[in-house]
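> Structure here, sequence nowhere to be found:
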């Protein structure tokens, strides 16, 4: 009986060691994937910073002005001047339209009972 216990214990230890060995390699593989993803994210962020810098460089006002002047015959673009912009008080906002009233109660038609009146859906008493 004792030898059977030793064999079962040894098999359990071997099985647990095999499981731990596999988990160790799965963990290392997951860590390697996470590190690779972090590198990709870092490279993507670096590329995004470069693209934003290029965009800012290409959209410099003096460069765009020079391009508009060089290609005036083909494009007909006029240079921007401060007089072309308006002030916020010059903006004409549309008048507020009133929607046709539907059947039923509107929020403005509902009156709230005073504290203590008609509590919990009760009808107010006429002789109070």
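That came through, no problem. Because the structure is predicted, anything quoted here is derived from the model rather than measured.

> So which residues of the protein form helices?
Taking DSSP state H as the criterion, the chain carries its helices at 2-58, 61-70, 72-75.

> As TSV, those helices with mean neighbour count, mean pLDDT and distance to residue 81 would be great.
Yep, even glycine has a C-beta here, placed from its N, CA and C like the rest. What follows is the helices of the chain, written out as TSV (neighbours: other Cβ atoms under 10 Å; pLDDT from 0 to 100; distance: least, Cβ to Cβ, whole Å):
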stretch	mean neighbour count	mean pLDDT	distance to residue 81
helix 2-58	10	96	22
helix 61-70	11	87	11
helix 72-75	9	87	15
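
> Tell me which of the ones you listed lies nearest to residue 88.
Distance to residue 88, taken as Cβ to Cβ, is lowest for helix 61-70 among these, at 22.5 Å.

> Measure how that closest one sits relative to helix 2-58, angle-wise.
Angle of helix 61-70 versus helix 2-58, following axes from the mean of the first three to the mean of the last three Cα atoms, to 10 degrees, is 50 degrees.

> From the chain's centroid, how far away is helix 61-70?
Its chain's C-alpha centre lies 36 Å from the corresponding centre of helix 61-70 when counted by Cα atoms, centre = their mean, to the nearest Å.
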